[in-house]
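Colleague: Fold the following, please.
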Amino acid sequence: MTTLSIPLPESAFSALHLDPDAFAREMRIAAAIQWYAQARVSQDKAAEIAGLSRVAFIEALSAARVSPFQTHDESLREELADAD
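Modeller: Numbering: from 1, shown residues only. As a prediction, the model looks like this:
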């Protein structure tokens, strides 16, 4: 596993009332949710980035009010065309 070092002000931890390890865990989950919501990564890859099982990642999506279902305009058009 690769380790990434990101300089952050001490106030970042106190603002969220988190120690650095908890902050890093939340940052991984937040990034994975954002990238999943932008359709930049799959659900499986986002769960891996977050360091969670897929079920736990879906629960994190729910807590963040992000749909676990990704629908893209083109695939939706194809599905609707196939239904005719």
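
Colleague: so L18 makes contact with E26?
Modeller: Yes - judged on C-beta atoms under 8 Å, L18 makes contact with E26 at a distance of 6.6 Å. The C-beta positions use only the backbone N, C-alpha and C, and glycine is treated the same way.

Colleague: Run the chain-centre distance for whichever helix in the chain runs longest.
Modeller: In the chain, taking DSSP state H as the definition, the longest helix is helix 20-37. Here helix 20-37 is found 7 Å from its chain centre; the criterion is C-alpha atoms, centre = their mean, to the nearest Å.

Colleague: Quick check: the most centrally placed residue in the chain vs L16, distance?
Modeller: Centroid-nearest residue in the chain: I33, 1.7 Å away (criterion: C-alpha atoms, centre = their mean). Using C-beta to C-beta, to the nearest Å, I33 is found at 16 Å from L16.

Colleague: helices and strands of this protein: which one has the lowest mean pLDDT?
Modeller: Least confident helix or strand of the chain, by mean pLDDT, DSSP states H and E, is helix 73-83 with a mean of 74.

Colleague: just how off-centre is that one within its chain?
Modeller: 26 Å.

Colleague: Wait, I58 touches S67, no?
Modeller: No - counting by C-beta under 8 Å, I58 stays clear of S67, with 10.1 Å between them.

Colleague: More neighbours: which of the two?
Modeller: With neighbours defined as other C-beta atoms under 10 Å, I58 and S67 compare such that I58 has more, 16 against 10.

Colleague: can you list the weak-confidence ranges in the protein?
Modeller: 73, 75-76, 84 (pLDDT under 70).

Colleague: Identify each buried residue in stretch 38-58, please.
Modeller: V41, Q43, A46, A47, I49, A50, L52, F57, I58 (16 or more other C-beta atoms under 10 Å).

Colleague: cool, and stretch 16-25?
Modeller: Using 16+ other C-beta under 10 Å as the test for burial, stretch 16-25 gives F23.
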